[in-house]
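Visitor: here are the coordinates; sequence isn't available:
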C-alpha cells in the first residue's frame, strides 16, 4: 500500500540499510535532515565519508536534491538523487533513493532508514 507520508524530516537522523555498491555511503554513514517550506538539506558523515552535504526540495513524498561530499582519502564528489519517502510498519521513515554521480561515472539505488 502506497500512501503519502506527512511527517516532517526536520531533525530526523537516517542511516543506510546496506553498504552502497558504486557509492561511498555505508551503514556507518549518518544523515541529519532539516526541512522548511519545501526545502530539505542534510549533513552527513561516517564510514568512508568525512563530510557531506545535500540540498534540494520536497514535494509530498518525493525529494530531489544535489549532494557533495569529501571522502576519507580527501577526494570530493558530487551527484544528484531522487528519493521516495515511506513509513515502515514500526513507524520509522524510509527513503528509497535513485542516485547518479555528476563528478564521475556511476549510478545506483540505495535506501536509508530513520534511526531511533
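Guide: Yes, it's here. Nothing here was measured: the structure is a model prediction, and the numbers come from that model.

Visitor: check contacts around residue 85.
Guide: For residue 85, the contacting residues are 5, 9, 61-63, 93-95, by Cβ atoms under 8 Å, 6 or more residues apart in numbering. Every C-beta, even on glycine, is put in place using the N, C-alpha and C of the backbone.

Visitor: Break down the chain into its strands, ranges please.
Guide: For the chain, strands defined by DSSP state E occupy the ranges 13-16, 30-36, 39-46, 49-59, 62-71, 76-87, 93-101, 107-114.

Visitor: Would you mind finding the most buried of these?
Guide: Of all the strands of the chain, strand 13-16 carries the top mean neighbour count, a mean of 20, counting by mean count of other Cβ atoms under 10 Å.

Visitor: average model confidence for that one?
Guide: Averaging pLDDT along strand 13-16 yields 97.

Visitor: So what touches it?
Guide: 25-33, 46, 93, 95, 110-115.

Visitor: any weak-confidence spans in the protein?
Guide: 1-5 (pLDDT under 70).

Visitor: Okay then, goodbye and thanks.
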